[in-house]
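fold the following, please.
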Amino acid sequence: MKKSLVLLTSLLMMFVLSNVWSNGQADKAGEDKAMTVGILKPADWTEADATQDFVYHVSAAISTLDTWNGTGNDTLAIAANLVFDPLFVIDEEGRIQPWLAKSAVFSEDGMEVSITLRDDVYFTNGEKLTADDLVWRFEDLRDNEMYTARSVKPWRPYLGDVTKTGDYEFTISFVKPMPTFWLRATDPRLNVISHKAVEQMGYDKFWQNPVGTGPYTVSKFDKANSIADFALRSDDHGYWAYDVEDTWTNVKTIKLQYSPEGQTRLSALRAGEVQMIDTIPTTDKAMLEQSGFDVEIMNPNNVVFLQTTSGPGRIFSDAKLREALSLCIDRGLIVDALLSGYGAPSNWACRPNDLGYYNETTKSYQYGYDVEKAKQLVNSSSYKGQPIDFIYTGTTVNIGAELSQAIQSMAAEVGLNLRIRPLEVAMYDEARDKMDYDLSIGAISDDGNMWWKVGAEVIGNDRFNTGYQNETLKSKAKLIQTTVEQDALDKAFSDVYKLEMTEFAPNIYLYWPSIISAWVPGISGIKYHLEQFPDLRAIVVP
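Got it, this is the predicted structure:
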């Protein structure tokens, strides 16, 4: 099976199976990756040489800079990348590389990891990063009741004792295997922060101007207007990562400003008021390119799907109807007509490079498009033409109205009577919680290249209360939550998806939408690291 393993690459096997990653190998990986991004770095460059301003209008609000107590979105990730550093990073080829951590070694049973930090990293307040900061941070994630359950869920269920073993060394013991460790350790939203600064400033004041190890500090945070201003750090120690990657920036200040309307963002970009915008309408891509703007289509990290209430006594408890619904949907036409071609039809439950993608054995379980077979299935079922309650909310899928109407029309062709019921997001969530619907449109994001939420939570634990139960599928989903070894995870995911797609329940996947960003010509150094949000740490503007 062809796998690039976008996030959990062969390095994971080296860590977990061989339990070896020498410091020399890690350092060499960093050297091999070293490159000059964009314009050649000036000789003797320092942060004091940066003079340019950069304004970025974003489509997601900035309600807080504390990612652990705010609803996660791409804007928070952009901010976190500027202020904080992760333990490891993912390069443009999807390889895990050392960053704050020089190395990590797992025990044979995967229940303990020993991490060695760099010894030359400083926080923006002048304090040196040591193992004390990481021990405090992981204990805080484990024990602090201030954090919402949702925000700490990626870490808290797994963290046991955290022990300092040297000035720059510490060990994490797990209460159960943590398959997503590498993914989480590459996320700047882990917030490696100065625990002394938190203790001195107090929690709320700290998050108005958080102290991290990143290249920028927060100069102003206007929560009411959803604006965050960042200034390139000017302390004596500078930002160590520029030396590591031989990158640089001429941008002294960055402003992230919430702009909810797509046309408003477009107008600001074309008028020269901003240098970058995100989530532009697909219909405007060609116009921007013709006007000379740089346009980036990012790898999709979410999938749009239909979800059926499939429990006993429900219309879609009949697997024939679920299959008929899937067969009557022309996924390619939806992408071409409603997304202007900017997306990918789903023929499987995950993307080609993700764990669990089909191989020759499971290839026959891919989605098909067959209207005549769908008609036969409907006619041979117990369905008598009664209305099927079909809900959606535009908050979840921005083309919900158009998409629901297209599906309604396709379903009618095979004899399925869908009655569309648009809902505000709160009422939509309530309807799903109470199983007050027959069919819904949903969307869910991945967790790196592991469809963790889909495979384990959504399907195995019936997170959205569809009533669908399959004990074999549930046991496979539970296995996903405790497996670290890559081949076993790959097979478990594949088994989950094969079962799900054989039963056409509870999800029927539709497409992967693309997200498009645009910026003024001549900018270099913007990286996406296979994510939806940009890394602006090393941008160079004309």
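
so what secondary structure elements neighbour the lengthiest helix in the chain?
Counting residues, the longest helix found in the chain (DSSP state H) is helix 486-503. Here helix 486-503 touches helix 10-16, helix 471-480, going by 3 or more CB pairs under 8 Å, 6 or more residues apart in numbering; DSSP states H and E. C-beta here means a position set from N, CA and C on the backbone, and glycine is covered the same way.

could you rerun that using 10 Å?
The helices and strands touching helix 486-503, judged by 3 or more CB pairs under 10 Å, 6 or more residues apart in numbering; DSSP states H and E, are helix 10-16, helix 319-327, helix 471-480, strand 507-513.

now it: buried residues?
Within helix 486-503, the residues scored as buried using 16 or more other CB atoms under 10 Å are 486, 489-501.

likewise stretch 158-170?
Buried positions in stretch 158-170, judged by neighbour count with 16+ other CB under 10 Å: 158-159, 162, 168-170.

do the same with stretch 229-247
For stretch 229-247, burial by neighbour count (16+ other CB under 10 Å) applies to 229-233, 238-242, 244-245, 247.

out of these, list just those in strands.
229-232 (DSSP state E).

and of the residues you listed, the nearest to residue 516?
Distance to residue 516, by CB to CB, is smallest for residue 230 among those, at 23.9 Å.

any idea how far that closest one lies from residue 475?
Residue 230 sits 47 Å away from residue 475, going by CB to CB, to the nearest Å.

neighbours around residue 202, how many?
Neighbours of residue 202 under the rule other CB atoms under 10 Å: 10.

that one and residue 85, how far apart?
Taken as CB to CB, the span from residue 202 to residue 85 is 23 Å.

picking that back up, can you lay out the buried residues of helix 486-503 as a markdown table showing pLDDT and distance to residue 187?
Shown next, in a markdown table, are these (pLDDT from 0 to 100; distance: CB to CB, whole Å):
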| residue | pLDDT | distance to residue 187 |
| --- | --- | --- |
| 486 | 68 | 19 |
| 489 | 77 | 19 |
| 490 | 81 | 22 |
| 491 | 85 | 26 |
| 492 | 82 | 23 |
| 493 | 82 | 21 |
| 494 | 84 | 26 |
| 495 | 85 | 28 |
| 496 | 83 | 24 |
| 497 | 85 | 25 |
| 498 | 86 | 30 |
| 499 | 84 | 30 |
| 500 | 83 | 27 |
| 501 | 85 | 30 |
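
what's the burial count for residue 82?
For residue 82, using other CB under 10 Å, the count is 22.

I meant residue 352, not that one.
Neighbour count for residue 352, taken as other CB under 10 Å: 12.

pick the one among the buried residues of stretch 158-170 closest to residue 53.
For the buried residues of stretch 158-170, the nearest to residue 53 is residue 168 (36.4 Å; CB to CB).

what does the pLDDT read for the residue nearest to that closest one when sequence neighbours are not counted?
Sequence neighbours aside, residue 117 is the residue nearest to residue 168 in space, at 4.2 Å (criterion: CB to CB, 6 or more residues apart in numbering). Looking at residue 117, its pLDDT is 98.

one more: residue 526?
With respect to pLDDT, residue 526 scores 90.

any stretches of the stretch 351-500 of the chain with poor pLDDT?
353, 361, 445-465, 481, 484, 486 (pLDDT under 70).

so which residues of it form strands?
Taking DSSP state E, counting those that start in this stretch as the criterion, the stretch 351-500 of the chain carries its strands at 388-392, 418-422, 439-445.

out of these, which comes closest to residue 131?
Among these, the nearest to residue 131 by CB to CB is strand 439-445 (32.6 Å).

show me what the closest one is packed against.
If contacts are counted by 3+ CB pairs under 10 Å, 6+ apart, strand 439-445 sits against strand 302-308, strand 388-392, helix 400-412, strand 418-422, helix 425-433, strand 507-513.

if we go to 7 Å?
strand 302-308, strand 388-392, helix 400-412 (3 or more CB pairs under 7 Å, 6 or more residues apart in numbering; DSSP states H and E).

now mean neighbour count and distance to residue 99 too, for these, in a markdown table please.
Formatted as a markdown table, the helices and strands packed on strand 439-445 follow (neighbours: other CB atoms under 10 Å; distance: least, CB to CB, whole Å):
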| stretch | mean neighbour count | distance to residue 99 |
| --- | --- | --- |
| strand 302-308 | 22 | 26 |
| strand 388-392 | 21 | 41 |
| helix 400-412 | 18 | 39 |
